[in-house]
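K.L.:
Requesting a structural model of the entry that follows:
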Amino acid sequence: MALIFTRCFKDMKNLYHLGLRKNQIQSIMPYILTESNKLRIIDLSANYISSLGPNIFNGPSKLSLLNITKNPLLQISLDAFTNFEIRSIDTKSYKVCCIKPSEATVCEASPPWPNSCERLLAESSIRVLMLVISSVGFVLNVIVCCHYAIRDRARRFHKSSENRKVNKPRLCYNITVMFIAFGDALYSISLMFIVLSDVFHGDQYLEREHIWRLSVLCFMTSVLALASMKISCIAINTMAYLRLYLITKPLSATLIEVRHVASRLIMTSSASLIFSFILILIYRLTSETRQLPTGLCLMLGNIDQSVIPKIITFITLSFQAGSSFLVSLMYSIMYHTLQKQQQSLRSMFGGEVKHRATSKALLVSLTNLICWIPSSIILILTLTWNQYPYKLLVWMTALVLPLNSIINPFVFVYSKTISKWVKRWHPFR
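P.N.:
Numbers count the residues shown, from 1 in each chain. Below you'll find the model as predicted:
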């Protein structure tokens, strides 16, 4: 029996217990219980039912038990139990419990992390915050890229017109800044995709969750978020290494090749995007349902026990933890070296400029470390725990992770302007 037709049991007036366990049922038509007044127990367990359409269980029956365990329920209509009374539902699908006929109905399956019975972003405050942060972060980081690109061209033209040497360390620093801004802009775009998906599906998200998990937006959100973390890690490590190289080997500053630095950042960033795309694509193609986990679309782990999501989580954790360690180590070495060579750095490179550039790099690294450390903790939890609070995931995604994408542009572009303004208007100057 692959299909249960409408009013299939109309001639069974005294039917009390309907047992259809292990019947290879794939689909159920609406109004199957229209004339089944005495029916009290329905067992549809261990079948292949993937969807529950509207008005499937609409009828006069007052069921005591509905057993629909061991069915691959992916799509469930919000009107599946319209005008229907039931005392208990036995199921592992949280979606069924979300649309149970009444509060009196016993249904114990709760939404697993990071799903919910409401919208993709259940709280309006989270939606507004994510929209503001993603929009502001994207605009600010685009400004940073344009600012440093225009300034580099102007500086090169000015130097060539005066037949003076181009400041290679400064150009390398500017290039790494643009790549950090590029990674932060990608993350802002991924947040925008989440907000757009939430607006599009609205209160129908529970019914359309499978559409979201199959959508291009969910796929691209996962790819961009995964790639942005890697690009940011690579760019910040490159910036820290360049500062360390200039401080420990100041006489070799002119040997730095700007093209090599730019080409390597372009290659590693492109590789990060391609690798993230391939990894997410492999998971989608190898998944039985071809759907990405909601946790992966929201960029922080998942409860899927398959291998690919665990690999994705482990790679992201390795990048963040490794970058945190390397950046901290390099700046520790820088600090001790600056203490010993401060006088030589002032005479050879100009202490004020170098100190400001190193301070900016340190501050940007600190803001990223602040974001990476709690993110790494959550990634560790996803590898060891089955679930944790949904709100924790969403607030981490909406507030903590994009924190650096808001702060960094001000450090890169507006720090000098703000410091001048403070000195000018400070009442105790």
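
K.L.:
Contacts only, for the spatially closest residue to residue 107 that is not a sequence neighbour.
P.N.:
In space, and not counting its chain neighbours, residue 107 is closest to residue 97: 3.8 Å by CB to CB, 6 or more residues apart in numbering. Every residue, glycine included, has its C-beta placed from N, CA and C. Contact analysis of residue 97 by CB atoms under 8 Å, 6 or more residues apart in numbering lists 89, 91, 107-110, 117.

K.L.:
Got a PyMOL select line for the buried ones in these?
P.N.:
A single PyMOL command selects the buried members of those (16 or more other CB atoms under 10 Å):
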select buried, resi 89+91+107+109
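
K.L.:
quick one, strands of this structure?
P.N.:
Counting by DSSP state E, the chain has strands at residues 3-4, 17-19, 27-28, 41-43, 51-52, 62-63, 65-67, 75-76, 85-86, 89-90.

K.L.:
what is the rounded mean pLDDT of the first one?
P.N.:
When pLDDT is averaged over strand 3-4, the result is 83.

K.L.:
The contacts of residue 97 into a markdown table, with extra columns for distance to residue 240 and pLDDT?
P.N.:
Shown next, in a markdown table, are those (distance: CB to CB, whole Å; pLDDT from 0 to 100):
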| residue | distance to residue 240 | pLDDT |
| --- | --- | --- |
| 89 | 56 | 90 |
| 91 | 52 | 89 |
| 107 | 53 | 87 |
| 108 | 51 | 82 |
| 109 | 48 | 81 |
| 110 | 44 | 76 |
| 117 | 45 | 78 |
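
K.L.:
and the closest residue in space to residue 127 that isn't next to it in sequence, how many neighbours does it have?
P.N.:
Once flanking residues are discounted, residue 127 sits nearest to residue 121: 4.7 Å by CB to CB, 6+ apart. Residues near residue 121, counting by other CB atoms under 10 Å, number 24.

K.L.:
next one: residue 149
P.N.:
As a burial measure, residue 149 scores 13 neighbours (other CB under 10 Å).

K.L.:
Of all the helix elements in the chain, which one is longest?
P.N.:
With secondary structure taken from DSSP state H, the chain has its longest helix at helix 307-349.

K.L.:
now it: how far from the chain's centre is it?
P.N.:
Averaging C-alpha positions (CA atoms, centre = their mean, to the nearest Å) puts helix 307-349 24 Å from its chain's average.

K.L.:
And stretch 224-232, by the same measure?
P.N.:
Put simply, stretch 224-232 sits 10 Å off its chain's centre (CA atoms, centre = their mean).

K.L.:
in it, what counts as buried?
P.N.:
So for stretch 224-232, counting by 16+ other CB under 10 Å, buried means 224-232.

K.L.:
what sits up against that stretch?
P.N.:
Outside of stretch 224-232, the residues within contact range by CB under 8 Å, 6+ apart are 179-180, 182-184, 186-187, 189-190, 193, 268-269, 272-273, 275-277, 279-280, 299, 312, 316, 319-320, 368, 404.

K.L.:
try stretch 262-277
P.N.:
With CB under 8 Å, 6+ apart as the test, stretch 262-277 has contacts from 175-176, 179, 182-183, 222-224, 226-227, 230-231, 234-235, 238.

K.L.:
Flag every buried residue along that stretch.
P.N.:
By 16+ other CB under 10 Å, the buried positions in stretch 262-277 come out as 262, 265, 268-269, 272-273, 276-277.

K.L.:
between those, which is nearest residue 30?
P.N.:
Within the buried residues of stretch 262-277, the smallest distance to residue 30 is 41.0 Å, found for residue 277 (CB to CB).

K.L.:
how close does the closest one sit to residue 227?
P.N.:
Residue 277 sits 8 Å away from residue 227, going by CB to CB, to the nearest Å.

K.L.:
rewinding a little: quick one: list the elements packing against the longest helix of the chain.
P.N.:
Helix 307-349 sits against helix 216-248, helix 258-286, helix 351-384, with contacts defined as 3 or more CB pairs under 8 Å, 6 or more residues apart in numbering; DSSP states H and E.

K.L.:
Kindly state the domain boundaries assigned to the chain.
P.N.:
Listed domain ranges for the chain are 1-110, 124-413 (source: automatic domain parsing).

K.L.:
weakest of these in terms of mean pLDDT?
P.N.:
The weakest mean pLDDT among the domains of the chain belongs to domain 124-413, with a mean of 75.
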